[in-house]
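**Q** With the input below, show me the fold.
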Amino acid sequence: QVQVVESGGGLVQAGGSLRLSCAASGRTASTYAMGWFRQAPGKEREFVAAISWSNIARYSSTSVKGRFTISKDNAKNTVYLQIDNLEPEDTAVYYCAAARRGVPAIKEEYDYWGQGSQVTVSS
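**A** Below you'll find the model as predicted:
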């Protein structure tokens, strides 16, 4: 069992930056890949970025556009998502998830999910 807890969301002006955190706990948490997804109102949950236990990262080819950076502090079992130059279109609930196998970009391949953290970008 892995517990996943996000933090760091909030209200930000367009052009600003935000860093989301995701703490994973559990006996085997350090062996899981961690991913970030987001879900805007009325839209599907979409992949943003993921990182393996060995710190290999992958990003969405569409929604990221070079403004998102995923990183991991292995000592803390914490994953971060840095978002720069925020746009109103980034407004969404951001979810962190843990995957037992691979570094997937598909939400169905993740095993554990956090509750989500709201990010609202004002224009």
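**Q** For the spatially most central residue of the chain, list each beta-bridge partner.
**A** Geometric centre of the chain, nearest residue: residue 36, 2.3 Å, by C-alpha atoms, centre = their mean. Taking DSSP bridges as the rule, residue 36 bridges to residue 49, residue 96.
**Q** Could you report the pLDDT at it?
**A** Listed pLDDT for residue 36 reads 97.
**Q** OK, contacts around it?
**A** Residues in contact with residue 36 (C-beta atoms under 8 Å, 6 or more residues apart in numbering) are 20, 22, 47-50, 68, 70, 79, 81, 94-97. Every C-beta, even on glycine, is put in place using the N, C-alpha and C of the backbone.
**Q** Kindly list the single helix or strand of the chain that scores lowest on mean pLDDT.
**A** strand 57-59 (a mean of 93; mean pLDDT, DSSP states H and E).
**Q** Flag the shaky bits of this structure, pLDDT-wise.
**A** Within the chain, the segments meeting pLDDT under 70 span 63, 65.
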